[in-house]
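In: Just a sequence and a predicted model for now, questions to come.
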Amino acid sequence: MPELPDVACFKSYLDATSLHRKVTGVERLNAALLRDVSPAAFRKALTGHRFESSLRHGKYLFVRLDGGKHLVMHFGMTGFLKSSKHGSETPDPTQAEFLLDDGYHLAYVCQRKLGHLTVVGEPQELIERHELGPDALDNALDAAAMAERLSQSRAAVKSALMNQKLLAGIGNIYSDEILFQTRLHPSTPASDLDKATLRKLHRNMRKVLNKAIERDAKPNQLPRTYLLPHRHEDGECPRCGHPLETLKVSGRTAWLCPRCQS
DNA sequence: CCTATAGCCTGACGGC
DNA sequence: TGCCGTCAGGCTATAG
């Protein structure tokens, strides 16, 4: 599930439910999801500290704790957050429960356990460790900067868009939407794109991500003129009516209109 | 150096 | 009904 728009919504949810509360404990912690930190150190970094603010970079969510450290959450394919009154049921695949001092807790739920949790001093440490590129919605990433980064890649433009080292935040489904709107075939080598096309790609990337956030990161609630509501078996192109097709691009399934995206 | 591929983990679904 | 293969909006280590 979680690409940039999803994580942006998780951030809003966390801000609304859990910010400014103090963590009184961590329960149901699955140590297998911790990266570069022991369970003891993870608990110690959180317990007794307040969630001060949150910040998103690509598909990562950071929560600043008083004292200056940051909780880091990545959601893999199936992760999400769920706030509940303490003592009430939390979803079965909960991998960590942050108990808060207002009687609620924030559950980190991750069915397939492909996400991970850690603690860092500053977000920049994590960004450097994973060599993440700039956030796809960073205002500093203008069309020229994006062109500069994408042109480094000779891979298919879809792979380049999904490469977190070039840009952070885009995954399999939003790359399909961005390419559909730009009328670009996913297999086009990124280094082949001319300046005008790169400019359109940048504009559509921002448009698609912002619209998805506005629609709560629910692809089916995007306008009917978008690809994603039709991205399923027997789906048809909302522009020309041609049946949508799939192909594999670096191991992922790309959906496209073969007539509009040539 | 680069890009493409298998593996990680679990549940849902279709075909036999 | 039960079993098996395939697939799913992720990342990363490894192979070529």
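Out: Ah, there it is.

In: switch to C-alpha atoms for all contacts and neighbour counts from now on
Out: OK.

In: distance of residue A:7 from residue A:213?
Out: 9 Å (CA to CA, to the nearest Å).

In: burial of whatever residue of the stretch 151-262 of chain A ends up closest to DNA strand C, as a residue count?
Out: Residue of the stretch 151-262 of chain A nearest DNA strand C, by CA to the nearest atom of the strand: residue A:171 (2.9 Å). Other residues near residue A:171 come to 21 when the count uses other CA atoms under 10 Å.

In: Residue A:7 and residue A:213: who's more crowded?
Out: Ranked by neighbour count (other CA under 10 Å), residue A:7 and residue A:213 place residue A:7 first, with 27 against 18.

In: isn't the more buried one right next to residue A:57, touching?
Out: No: the criterion here is CA atoms under 8 Å, and residue A:7 misses it with residue A:57 at 9.0 Å.

In: what does chain A put close to DNA strand C?
Out: Residues of chain A lying close to DNA strand C by CA under 7 Å from any atom of the strand are A:1-3, A:5-6, A:59, A:76-77, A:114, A:130, A:162, A:164, A:169-173, A:217-219, A:252-253.

In: if you set the cut-off to 6 Å instead, what comes out?
Out: A:1-3, A:6, A:59, A:76-77, A:114, A:130, A:171-173, A:217, A:253 (CA under 6 Å from any atom of the strand).

In: List only buried entries from those.
Out: Among the residues of chain A next to DNA strand C, those buried by neighbour count (16 or more other CA atoms under 10 Å) are A:1-3, A:6, A:59, A:76, A:171-173, A:217.

In: Just name the closest of these to DNA strand B, please.
Out: Within these, the smallest distance to DNA strand B is 9.1 Å, found for residue A:76 (CA to the nearest atom of the strand).

In: what residues are up against the closest one?
Out: Neighbouring residues of residue A:76 by CA atoms under 8 Å, 6 or more residues apart in numbering: A:1-2, A:110, A:112-116.

In: how about a cut-off of 10 Å?
Out: Residue A:76 sits next to A:1-3, A:59-60, A:110-116 when contact means CA atoms under 10 Å, 6 or more residues apart in numbering.

In: Look at the residue nearest to residue A:14 when sequence neighbours are not counted and give its secondary structure.
Out: Excluding the flanking residues, the one nearest residue A:14 by CA to CA, 6 or more residues apart in numbering is residue A:81, at 7.6 Å. Assigned with DSSP: H, G, I helix; E, B strand; the rest coil, residue A:81 falls in the strand class.

In: List the residues that contact residue A:81.
Out: A:7, A:9-11, A:13-14, A:73, A:75, A:94, A:96-97, A:106-110.

In: Filter these down to the buried ones, PyMOL style.
Out: Here is the PyMOL command that picks out the buried ones among these, judged by 16+ other CA under 10 Å:
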select buried, chain A and resi 7+9+10+11+14+73+75+94+96+97+106+107+108+109+110
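
In: quick one, helices of the stretch 101-250 of chain A?
Out: Per DSSP state H, counting those that start in this stretch, the stretch 101-250 of chain A carries helices over the ranges A:123-129, A:143-150, A:157-162, A:172-181, A:195-214.
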